[in-house]
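Visitor: the amino acid sequence is not available; the structure is as follows:
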């Protein structure tokens, strides 16, 4: 069945139950092709029986899924070569590989978390609800061209533990205590 508007095909329902909007050859139950449209590309799905919805993007291995029973939203790129990327301002900023490595500032992370900076100083900042969250708060781990810098920006001590026991402490006054 073909649906027309102004003598132009807008939608087609095939005999196998597949519905195409913007295409005459739908490959899924619902295929939306907006390449010939100047309107928005928004599609909404609701499943009141299972409270789960899935939007397939490109192929069955790339999808957005809402599992209402678990109150979870999943963005997925599955398969042996699947990656998940985040882009801003036309550039890739973050990538998760199919092996689970997460890269920020790199498209080929070599470890579980790799941060690469285009500046001379790459920094990981850790803050919490009591330290504050500005540039002058918390704890920094930085890598300059030749140095590793541990920066505690609060007035407390830096403590070093092994086997869940404190072995060394550097106070905010500069006193170093080892196994005391």
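Guide: Sure thing, it's come through. Since the model is a prediction, treat every value here as computed from it, not as a measurement. Numbering: from 1, shown residues only.
Visitor: middle-most residue in this structure, spatially?
Guide: In the chain, the residue lying closest to the centroid (C-alpha atoms, centre = their mean) is residue 86, at 5.9 Å.
Visitor: you'd agree that one is in a strand?
Guide: Yes. According to DSSP: H, G, I helix; E, B strand; the rest coil, the state of residue 86 is that of a strand.
Visitor: what pLDDT does it get?
Guide: Residue-level confidence at residue 86 comes out at 87, pLDDT.
Visitor: what about the residue nearest to residue 81 when sequence neighbours are not counted, neighbour count?
Guide: Excluding its sequence neighbours, the residue lying closest to residue 81 (C-beta to C-beta, 6 or more residues apart in numbering) is residue 98, at 6.0 Å. Where you see a C-beta, it was placed from the backbone N, CA and C, and this is true even at glycine. Number of residues near residue 98 (other C-beta atoms under 10 Å) recorded here: 13.
Visitor: checking residue 98 next. Helix, strand or coil?
Guide: Applying three-state DSSP to residue 98 yields a three-state assignment of coil.
Visitor: so what's the residue count around residue 26?
Guide: Using other C-beta under 10 Å as the criterion, the residues surrounding residue 26 number 21.
Visitor: quick check: it vs residue 169, distance?
Guide: Counting by C-beta to C-beta, to the nearest Å, the gap from residue 26 to residue 169 is 67 Å.
Visitor: my read: the residue nearest to residue 81 touches residue 83, true?
Guide: Yes. Residue 98 is in contact with residue 83 according to C-beta atoms under 8 Å; the separation is 6.3 Å.
Visitor: packing partners of the helix or strand containing residue 73?
Guide: With the criterion set as DSSP states H and E, the secondary-structure element containing residue 73 is strand 72-77. Contact analysis of strand 72-77 by 3 or more C-beta pairs under 8 Å, 6 or more residues apart in numbering; DSSP states H and E lists strand 59-67, strand 84-88 as its packing neighbours.
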